[in-house]
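Chemist: Build me a structure from this.
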Amino acid sequence: MKSYLIMTFLGTDRPGLVNSLADTVIKHGGNWLESRMARLAGQFAGIVRIECASSAVDALLHEIRTPGIPGLTVQAVREGIEEPEVRRTLTVDVVGNDRPGIVRELTAAIARAGGNVEELTTGLESAPMSGCPMFRARGVVSILENTEPSSLASAIESLGGDLTVDLTV
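Modeler: This is a model prediction of the structure:
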């Protein structure tokens with residue numbers, strides 16, 4: 001029987017960091033199914049989904065956690081089995097003036113509209129004419145099948161007239 005694990009990891013970036021984790025997974029007969037990783041301010045973080053034999057899960061988790069891979073903190077949970085709701089995904093692109101709390105406001109608006117953040121990347125870009133920092137968020141949001149995408153756009157646009165929202169179904 002197979003088990004599925006979701007692992008998050010964080011460590012000071014260095015060559016071979018991800019390879020160390022991948023070596024440990026394969027050593028226990030695991031299969032690296034999917035992942036998202038990024039480097040920010042000298043730290044390397046990621047989330048990965050692993051498939052392995054149920055009989056190997058405890059040994060894999062034990063090796064990763066104690067003594068672990070030097071310089072890497074790993075958290076892992078077994079994937080839960082649940083019946084998924086019928087949802088559709090939208091690509092969301094938001095641009096506007098930066099301000100403290102904008103990510104909180106954006107994610108609250110998405111939640112109020114019944115959306116679920118599947119992926120989100122945020123950052124600052126220079127405005128084309130002024131060079132002032134502009135907030136940009138790009139991501140994927142899922143909504144219930146019977147929800148109109150315009151309700152999500154309206155919820156985000158209600159945060160202020162300076163925001164432009166582009167949704168792609």
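
Chemist: residues contacting the most centrally placed residue in the chain?
Modeler: Per CA atoms, centre = their mean, the C-alpha nearest to the average position across the chain is that of residue 119, at 4.7 Å. Neighbour list for residue 119: 36, 139-140 [criterion: CB atoms under 8 Å, 6 or more residues apart in numbering]. Quick note: C-beta positions are derived from backbone N, CA and C, even for glycine.

Chemist: again, only this time at 10 Å
Modeler: By CB atoms under 10 Å, 6 or more residues apart in numbering, residue 119 lies in contact with 36, 89, 91-92, 138-141.

Chemist: Go through these and flag which are in strands.
Modeler: Counted as lying in strands by DSSP state E, out of the contacts of residue 119, are 36, 89, 91-92, 138-141.

Chemist: what two of those residues are the furthest from one another?
Modeler: 36 and 92 (16.8 Å; CB to CB).

Chemist: Settle it for me: which of these two has more neighbours?
Modeler: Set residue 36 next to residue 92 and count neighbours by other CB atoms under 10 Å: residue 92 wins out with 25 against 12.

Chemist: show me what contacts the more buried one?
Modeler: Residues near residue 92 by CB under 10 Å, 6+ apart: 106, 110, 115, 117-120, 137-141, 149, 152-153, 156, 165-168.

Chemist: Then residue 151?
Modeler: Residue 151 makes contact with 112-115, 143, according to CB under 10 Å, 6+ apart.

Chemist: Any of the contacts of residue 92 buried? List them.
Modeler: With neighbours counted by 16 or more other CB atoms under 10 Å, these contain buried members at 106, 110, 115, 120, 137, 139, 141, 149, 152-153, 156, 165, 167.

Chemist: Quick check: bridge partners of residue 137?
Modeler: Beta-bridge partners recorded for residue 137 (DSSP bridges): residue 94, residue 122.

Chemist: Residue ranges of each domain in the protein, please.
Modeler: 2-78, 87-168 (automatic domain parsing).

Chemist: Need those in CSV (columns: mean pLDDT).
Modeler: Formatted as CSV, those follow (pLDDT from 0 to 100):
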stretch, mean pLDDT
domain 2-78, 92
domain 87-168, 94
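
Chemist: Any figure for the gap between the residue nearest to the centre of the chain and residue 12?
Modeler: According to CB to CB, to the nearest Å, residue 119 and residue 12 sit 25 Å apart.

Chemist: Enumerate every residue touching the closest residue to residue 149 other than its chain neighbours.
Modeler: In space, not counting the residues next to it along the chain, residue 149 is nearest to residue 167; the distance is 5.3 Å by CB to CB, 6 or more residues apart in numbering. Residue 167 is in contact with 90-94, 141, 143, 149-150, 152-153, 156, counting by CB under 10 Å, 6+ apart.
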